[in-house]
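Student: pasting the sequence and the predicted model now:
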Amino acid sequence: MPSGSSASGSSSINIPATAAAGGLTITRPPQTATSYYKIAPSNSITFGWNFTSLLVTPTSLTVSAVCENGNTYPVGPTDGIIPGTATQVVWDLWAYNQANPATPLAPTSYTLEIWGDRGRDALATGGQLSSNMNLKFALYSPASYTPLSSWTCAGCNVNGALSDYVAHPAFVSLVVTFLVMVLSGYSLIRQALH
C-alpha cells in the first residue's frame, strides 16, 4: 500500500480508480453502547481512532461534538483542529466549561464528528478521508453535595406513593377481580351447602 502524502504537500499520489474510500474507525470509547461522561474537574475524555484505506493523509482533522439541540462544540485543547496524523484527542470537559461560560456543555446526548481538509460534507472518494459521525455519547453533571440531615427522598413518601398505587388502573382492576372472585366463591359455597 503506498504511503500517504500531505494534501498540501508538493508530491502527488496516483490513486487507483478501484481504491476504497478512506475513513476512520472509532476505537475509543467502544461503540457497543452509549458512553456517559461526567462534567467534573480532572475528568477528561479520550477519543481514539484508526485510519482505514487512507492513501492521502489530510493536513488537519476537525473534531466537534454536536449536541442534540444543534449546538456544536470544538473537541480538544486546540479548538477542535488537530494534526491530520493524530489518532486520538483528549478533551477536558471541566476546563472547556470554565473557559466558555457563555456556551457551556449541557448534560445531554452528543454526536462526535471528525473530518479532514475536504470538509464535513465531502463525498466519499477513493483513498481520501471521509467524515465520521458514528459515535454517540452523553454528558452529565454530578449533583451537588447535600448533607444527610438535609436530604429527603422524593419517592419515599409512603402516603403519596400509596395514593399513586390506588389510583392506578392496574390496582383498581386487581381489587375488582379479587372482589368478584371472593363473592363468586361465597355464592358457590352457599349453593353447595343448601
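Tutor: Arrived safely, thanks for sending.
Student: how many neighbours does the closest residue to A106 other than its chain neighbours have?
Tutor: Spatial nearest neighbour of A106, chain neighbours left out: C67 (6.1 Å); criterion: C-beta to C-beta, 6 or more residues apart in numbering. (Each C-beta comes from the backbone N, C-alpha and C, glycine too.) Counted with other C-beta atoms under 10 Å, residues neighbouring C67 total 15.
Student: got it, and the one 4 residues further on?
Tutor: Other residues near N71 come to 13 when the count uses other C-beta under 10 Å.
Student: what about it, distance to A65?
Tutor: N71 sits 9 Å away from A65, going by C-beta to C-beta, to the nearest Å.
Student: before we move on, back to that, beta-bridge partners for the residue nearest to A106, please?
Tutor: Y110 (DSSP bridges).
Student: pLDDT wise, what is it at?
Tutor: At C67, the model reports a pLDDT of 94.
Student: doesn't P107 make contact with it?
Tutor: No. Counting by C-beta atoms under 8 Å, C67 stays clear of P107, with 10.3 Å between them.
Student: what's downstream of the lowest-mean-pLDDT helix or strand in the chain, the next helix or strand?
Tutor: Lowest on mean pLDDT, DSSP states H and E among the helices and strands of the chain sits strand 5-6, with a mean of 46. Beyond strand 5-6 on the C-terminal side, the first helix or strand identified by DSSP states H and E is strand 23-28.
Student: quick one: strands adjacent to that next one?
Tutor: strand 44-52 (antiparallel).
Student: state the mean pLDDT of the next helix or strand after the strand it pairs with.
Tutor: For strand 44-52, the following helix or strand on the C-terminal side (DSSP H and E) is strand 56-57. Averaged over strand 56-57, pLDDT sits at 90.
Student: so what secondary structure elements neighbour strand 56-57?
Tutor: Helices and strands touching strand 56-57, by 3 or more C-beta pairs under 8 Å, 6 or more residues apart in numbering; DSSP states H and E, are strand 5-6.
Student: gap between the longest helix seen in the chain and the chain center?
Tutor: Under DSSP state H, the helix in the chain containing the largest number of residues is helix 169-193. How far helix 169-193 lies from its chain's middle: 51 Å, per C-alpha atoms, centre = their mean, to the nearest Å.
Student: what residues sit buried inside it?
Tutor: For helix 169-193, a neighbour-count test (16 or more other C-beta atoms under 10 Å) marks nothing as buried.
Student: need the residues that contact whichever strand or helix holds A65.
Tutor: Per DSSP H and E, A65 falls inside strand 60-67. Outside strand 60-67, the residues that touch it by C-beta atoms under 8 Å, 6 or more residues apart in numbering are 47, 72-76, 80-84, 86, 89, 91, 105-106, 108-117, 120, 129, 137.
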